[in-house]
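Engineer: Give me the fold of what follows.
(one chain, ligands or ions: 2)
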Amino acid sequence: MRNPVRYRPRAVLFDLDGTLLDTIGDLAEAANRMLAELGRPLRSQEEIHGFVGKGIPNLVRRCLTENTHAGEDEIEAAVLVFRRHYHVVNGASTRIYPGVLETIGELRAHSVKLAVVTNKAEAFTLPLLERMGIAGHFDTVVSGDTLPVKKPDPAVLHLACARLGVAAGEALMIGDSANDALAAQGAGMPVLLVTYGYSEGMPVDTIECDGLLSNALQALDHIAFA
Ligand SMILES: O=C(O)COP(=O)(O)O
Ligand SMILES: [Mg+2]
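Structural biologist: Residues are numbered from 1 along each chain as shown. Ligands and ions are numbered 1, 2, ... in the order given. The predicted structure is shown next:
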């Protein structure tokens with residue numbers, strides 16, 4: 001993009017799955033171990049890719065109900081099965097996306113505060129950040145079960161900002177889906193979306209946002225350091 005608007009954020013809030021980390025292999029593995037244990041047909045990674053974005057209970061529900069049926073009790077029990085398998089595989093095939101470490105390093109070098117705001121439950125988020133060696137870069141982490149609501153509810157972004165001591169208008173969100181975009185817009189902060197992540201089957205260029213990034217490093221084109 002030529003001459004994009006440059007923000008001067010005091011904090012950058014990052015989405016996790018599909019933005020910082022490519023986690024689809026582990027999510028699909030846990031989902032298929034769950035489906036196998038429940039005696040249900042397995043699903044392709046591509047299909048499961050479209051189910052990621054609104055947290056684990058929603059992922060499990062879609063695995064059990066898309067083109068088929070399951071009762072609420074069955075779905076509730078399946079969430080526990082998924083979590084048991086995901087604890088085992090979480091991080092095994094996860095990779096940090098290109099440009100992420102350099103971007104984080106540049107932001108930290110300019111004293112910009114950093115947070116992760118994810119819809120992934122905390123029991124998986126914190127060990128995953130540790131395992132990938134990036135936990136220490138973030139000043140705070142808000143997970144999918146930190147509050148009773150998740151993205152697209154802006155409350156999770158407000159909580160991250162409160163913990164960082166910045167106003168919502170002084171922060172910038174970087175995500176990969178409409179959940180991130182809507183949460184940011186609800187909180188009154190600009191949002192950049194990466195084009196390589198998971199957007200629940202929605203073409204990312206159809207989601208209203210303040211800029212698209214094909215590599216995380218392009219976020220720096222939208223930022224002016226004081
Ligand atoms: O857990 C999910 O479904 C998505 O997590 P994310 O908010 O980090 O993309
Ligand atoms: Mg995401």
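
Engineer: Enumerate every residue touching the one residue in the chain that gets nearest to ligand 2.
Structural biologist: Ligand 2 sits closest to residue 18 of the chain, with a gap of 3.8 Å, by Cβ to the ion. To be clear about C-beta, it is placed using only N, CA and C from the backbone, and glycine gets the same treatment. Listed by Cβ atoms under 8 Å, 6 or more residues apart in numbering, the contact set of residue 18 reads 24, 52-53, 176-177, 194, 196-199.

Engineer: now residue 115
Structural biologist: With Cβ under 8 Å, 6+ apart, residue 115 has these contacts: 11-14, 138-142, 160, 163-164.

Engineer: Let's test this: mean pLDDT of stretch 149-157, rounded?
Structural biologist: Confidence over stretch 149-157 (mean pLDDT, whole number) is 98.

Engineer: Tell me how many other residues crowd residue 202.
Structural biologist: 13 (other Cβ atoms under 10 Å).

Engineer: And the one 10 residues further on, by the same measure?
Structural biologist: Burial of residue 212, expressed as a neighbour count using other Cβ under 10 Å, amounts to 14.

Engineer: rewinding a little: how about the contacts of residue 18 in CSV, adding neighbour count and secondary structure?
Structural biologist: Output for the contacts of residue 18, formatted as CSV (neighbours: other Cβ atoms under 10 Å; DSSP: H, G, I helix; E, B strand; the rest coil):
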residue, neighbour count, secondary structure
24, 20, helix
52, 26, coil
53, 27, coil
176, 27, coil
177, 27, coil
194, 28, strand
196, 16, coil
197, 25, coil
198, 24, coil
199, 25, coil
